[in-house]
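Undergrad: what would the 3D arrangement of this be:
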Amino acid sequence: MSYNRPPMPSHCPRTNNDNQVGYNTTMDDMPPPYSEHDTLSVPPPLPSRPLTPIHTGNENTPPLPSRPGSSTSNADFGPPLPTRPTSNNSTQSMDSYSSSNRRRQIPPPIPTRSTNTSNYSLKYNESSSAERAQPSIPSRNYESSSPSELSGHRRSISPDTQDNTITTPINKQMEKMTLNDNNPVKQMIDFHTPISMTAPPSEIFNTREHTIPLPTNYCKTSEIPTVETNKFYGNMFLGQQRCPIWTHPYSLWLTKESPFIGIATTHIREEQRVFDDKNDPPQFFFSPTNIKAFVFSSLEFSNATTDAVSLNFTDVKHMSVQLQLKLNDSQFVWFPIVQGMGFVTAIYYNLTPSLQSAIGYKSLNIIWCNNQITKYHIKLENDIVWTLYVTSQEPITLSLVEGHRISADRTVNGCIFQLVADTNDSIDQAANCFQIDAELKASILDNDPAKARYSFNYVTNGISSSGKPLLYALPHHIDYMTSQTLSTEIDSQLASTVYGRMSGFITNKIEMEIAVPNEVQFEPFSTIPNRNKKYSNEVLNTMRNAAIEETQGDVINESNLDSMYFSGKILAKFAWILYCCHFILNDEALVSHLLNKLKGALQRFIDNQQILPLVYDTTWGGVISSGNESQDFGNPYYNDHHFHYSYHVIAAAIVAKIDKEVSGNSVWLDTNKEWVELLIRDYANPSPNDPYFPVFRSFDWYNGHSWAKGLFESGDGKDEESSSEDVNASYALKLWGLTTANQNLVNIADLQLGILKTSLNKYFLYQDNNTVEPARFIRNKVSGILFENKIDHTTYFGNKMEYIQMIHSIPIIPPSSFIKSPIFVREEWEQILRDIVESVNDGWKGIIMLNVALFDPNLSYRFFSDPNFNKGFLDNGQSLTWSLAFSGAYI
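TA: Numbering: from 1, shown residues only. This next block holds a predicted model:
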């Protein structure tokens, strides 16, 4: 009951904004599918796909709801996004692994700085030129630096330094950083020790190169041997590399549309958003894209052919990437890209800088010049004013040319340009300092294991007057910040595209304290006040009758599908039935009968003998389906891995736990642990030291949730539809950690679930008092599909209200109540679901009614315990046994 992906989009459109300079050029990009500035325009519908069953299981299982659709494809830009096939079944020990053995980052060299000088030509304080210092670039010779030196005033490189680098070995700086907790900690969460470092066994998994190659000028290194597929910068890797990426509050993209050759950036204000005006509440809103407020370019780029300017990548991490726009190895612009960065920063090497604008410039004014930093205000033709800080060892003059270009008067080397979409003077104290990476650190509080602290610790470059950079934090950060972090806030707010208003901070670390579900384990759980879990005899008898029937199901054949997603749902469904039989009903006969069948069904996948076996992709680094790009929701292109594999992990965790109790040994667990952890490593590998999988493929720690979209170019960025299956993915980690006594994995899962609670309830699930999303949109109660640039209250498989609302509920599991408050669930029921439930006559009805248990378990239980209950109301991943157990626990 999850979703299909849309077709591959056309090249990212240029916005036909009236304020942009009109050049008659042949654009690489296709015209926009809808106007990005016309508030009367409507984006194209998200297409559904025709669903052709390739393999079916047990005919007795209720089918999934029908999904009408039409076929679409775009041959020019790769294969169509995949269609979900329908189904008629509606550690390795690291004790000796020391930090000294960690791989070191060896960034690419940069050219030796020029020692040439020139005369100041205009408006500058001549006496200050002698005081101008070399822009501070970290040195690789860091061994003698103290932590305070590294976090504040970075060591400079003299012009004759031979061992120049763009970035320092970031890992070394991170090792010297510590969390400055006021509270003692129970345990630091380990993000360095791999779950395993073993290769996928070659006798089980074939290897192959991916049909989508790595981008030109991307070279894997021994330090970073795998490549992220679902991160915020993914558009830079795909197609012609022209679609935007979103760091929030900015978007950036490569443009080669003459005369705009460079990296473009913009920031969209709230009043520029475009809303659907044909529905109330509106179905969607989005921010205009590809408005070239600024283009970081150079005279040399403008004089070169477009093919001569190349985009290069180094130090690709899960929260940052270093871009280089190059003419050659000595002439390039370095763009450090980090989530939440306060400035858009560009460092020029042996080039003559220029800032172009398709909107056009009204004015360029110097505000002050202090030592090596000069501050400007730039007013665009749309009357929006940005601040530009320029740091240069050598004096340069910027001039406004022809209303659309700001040009420097000389070639520079190591000159830093920093743009911010605000004019607040507090930002001055961060000028000439910028982030180049961020490390996640976290711990469980010792005095309250139901709380955790996590922080983003930024590695910075350059010297500011405060010794710290500017960053912007999202609402789900701000509401849970420690007092120490809040004390660094300044009076600067900028809108994000879909995450509400961001606030500025002058700091190199932001730290949050959140609740975590330490009490949530295998058994049903509820946050309804004054309710205690207890099963009456009547509930137990009703549950037993359901279990007797459902344990007769043919799990081996029902799960024999060509989809890791649908097969995983079947396996997890029977695993939860098994859980009920063992831990609630204590029925040894039912357990024995089902356990053996479920182990047999899992064995097919453990042996990789399913219809579409998995293969190891050596290009990007991951375990993918051997099907084509249109099969299994695009699993071969890294779509939805956290959705697919988490169902298998949950099934294996329950089987392993019960098998150990029944058999008195851990043979099954020990034998099959490697396979389960291979799936975990694929979507949730915590360590950069695992050479076979990228770090946290799916989960975006900064935005606070996962991204489901893999190697598909997208004009609106990454997206996620099923926030509840995101929860399921983190919960799977917890269950496996509990089963294997891996407390660190349990802590990671609890941390993710805690963060999901803070983010989902602001951006995906809308209680009436939500102040983050637009007031007129929150009446939808859920997001539908959340993109980086757009929220669309729909699904990829249809527009029925039950689809849109309940894709954020499936599956209903113990942490569902931790994530979704009884207040929210009641509001959604009373405002939307109660009016439609009677007309729903398929598996979505069962999801709706089990969701009711999150605020009214009595009503939910009465529905499922009806003697005339219609099994057609159960989703193919939902059992009556579990529905009774979940709803009947708190009546």
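Undergrad: which residues in the stretch 601-750 of the chain form strands?
TA: 614-617, 622-625, 699-700, 705-706, 719-720 (DSSP state E, counting those that start in this stretch).
Undergrad: run the chain-centre distance for the last one.
TA: Here strand 719-720 is found 8 Å from its chain centre; the criterion is CA atoms, centre = their mean, to the nearest Å.
Undergrad: quick one on the thing from earlier: let me know which of the strands of the stretch 601-750 of the chain is the nearest to residue 264.
TA: strand 719-720 (22.1 Å; CB to CB). Heads up, the C-betas are built off the backbone N, CA and C, glycines and all.
Undergrad: quick check: which helices or strands does that closest one pack against?
TA: strand 785-787 (3 or more CB pairs under 8 Å, 6 or more residues apart in numbering; DSSP states H and E).
Undergrad: neighbouring contacts of the following helix or strand past the strand it packs on?
TA: Toward the C-terminus, strand 785-787 is succeeded by strand 790-792 as the next helix or strand (DSSP states H and E). Residues from elsewhere that reach strand 790-792 (CB atoms under 8 Å, 6 or more residues apart in numbering): 43, 46, 283-287, 497-498, 716, 773, 777, 783-785.
Undergrad: skip ahead from strand 790-792 and say which helix or strand is next.
TA: Next element after strand 790-792 (DSSP H and E): helix 801-806.
Undergrad: pLDDT (mean, whole number) over that next one?
TA: On average, the pLDDT along helix 801-806 is 99.
Undergrad: report the buried residues of the helix or strand just after that helix.
TA: Using DSSP H and E, the helix or strand that follows helix 801-806 in sequence is helix 816-819. Neighbour-count burial for helix 816-819, with 16 or more other CB atoms under 10 Å as criterion, is recorded at 816-819.
Undergrad: and what of stretch 412-423?
TA: 412-422.
Undergrad: narrow those residues to those in helices?
TA: With helices taken from DSSP state H, there is no overlap with those.
Undergrad: sorry, back to before: farthest pair within the contacts of strand 790-792?
TA: Top of the distance list for those (CB to CB): 46 and 773, 19.2 Å.
Undergrad: which of these two has more neighbours?
TA: residue 46 (23 against 20; other CB atoms under 10 Å).
Undergrad: now what about stretch 349-356, what contacts it?
TA: Contacts of stretch 349-356 (CB under 8 Å, 6+ apart): 110-111, 114, 259-260, 262, 292, 294-302, 327, 330-334, 346, 378, 388, 396, 404-408, 410-415, 417.
Undergrad: before we move on, the earlier item: what would the buried residues of stretch 412-423 look like in CSV with pLDDT?
TA: Output for the buried residues of stretch 412-423, formatted as CSV (pLDDT from 0 to 100):
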residue, pLDDT
412, 98
413, 98
414, 98
415, 98
416, 99
417, 99
418, 99
419, 99
420, 99
421, 99
422, 99
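Undergrad: show me these that map onto strands.
TA: In strands, judged by DSSP state E, the following of those are found: 412-420.
Undergrad: so where's this protein shaky on pLDDT?
TA: 1-186 (pLDDT under 70).
Undergrad: let's go with 90 and repeat that
TA: 1-187, 216, 219-223, 258, 306, 371, 402, 446-447, 630 (pLDDT under 90).
Undergrad: my guess is residue 248 contacts residue 495, does it?
TA: No - the pair residue 248 / residue 495 is not scored as a contact, 9.6 Å apart, by CB atoms under 8 Å.
Undergrad: higher neighbour count, those two?
TA: When residue 248 is set against residue 495 and neighbours are counted by other CB under 10 Å, the residue ahead is residue 248, at 23 against 20.
Undergrad: quick check: helices, which of the contacts of stretch 349-356 are part of them?
TA: Per DSSP H, the subset of the contacts of stretch 349-356 in helices is 299-302.
Undergrad: and residue 540, what element?
TA: Using DSSP H and E, residue 540 falls in helix 537-550.
Undergrad: for that helix, C-alpha coordinates in CSV please.
TA: The C-alpha trace of helix 537-550 is given here as CSV (Å, rounded to 0.1, in the frame of the first residue of the first chain):
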residue,chain,number,x,y,z
ASN,A,537,-10.1,-13.0,28.7
GLU,A,538,-12.5,-11.9,26.1
VAL,A,539,-9.8,-10.1,24.1
LEU,A,540,-7.5,-13.2,24.5
ASN,A,541,-10.1,-15.6,23.3
THR,A,542,-11.0,-13.4,20.3
MET,A,543,-7.3,-13.0,19.5
ARG,A,544,-6.7,-16.8,19.8
ASN,A,545,-9.5,-17.6,17.3
ALA,A,546,-8.0,-15.2,14.8
ALA,A,547,-4.5,-16.6,15.3
ILE,A,548,-5.7,-20.2,14.9
GLU,A,549,-7.0,-19.3,11.4
GLU,A,550,-4.2,-17.0,10.4
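Undergrad: continuing past that helix, what's the next helix or strand?
TA: Following helix 537-550 in sequence order, the next helix or strand is helix 555-558 (DSSP H and E).
Undergrad: from the chain's centre, how far out does that next one sit?
TA: Using CA atoms, centre = their mean, the offset of helix 555-558 from its chain centre is 34 Å.
Undergrad: what is that helix packed up against?
TA: By 3+ CB pairs under 8 Å, 6+ apart, helix 555-558 packs against helix 564-579, helix 588-606.
Undergrad: list just the nearest of the buried residues of helix 816-819 to residue 889.
TA: residue 817 (10.6 Å).
Undergrad: quick check: that closest one touching residue 531?
TA: No - using CB under 8 Å, residue 817 makes no contact with residue 531, being 10.0 Å away.
Undergrad: for residue 616, give its distance to residue 198.
TA: From residue 616 across to residue 198, the span is 12 Å (CB to CB, to the nearest Å).
Undergrad: so these two - more neighbours on which side?
TA: Neighbours around residue 616 and residue 198, counted as other CB under 10 Å, are more numerous at residue 616. The numbers are 21 against 16.
Undergrad: what about the more buried one, distance to residue 519?
TA: Taking CB to CB as the measure, residue 616 falls 38 Å from residue 519.
Undergrad: quick one, what contacts residue 489?
TA: 503-505 are the contacts of residue 489 under CB under 8 Å, 6+ apart.
Undergrad: please name the nearest non-neighbouring residue to the residue nearest to the spatial centre of the chain.
TA: Residue closest to the mean C-alpha point of the chain, counted by CA atoms, centre = their mean, is residue 700 at 3.2 Å. Sequence neighbours aside, residue 707 is the residue nearest to residue 700 in space, at 5.8 Å (criterion: CB to CB, 6 or more residues apart in numbering).
Undergrad: my guess is that neighbour meets residue 698, correct?
TA: Yes - between residue 707 and residue 698 there is a contact at 6.5 Å, judged by CB under 8 Å.
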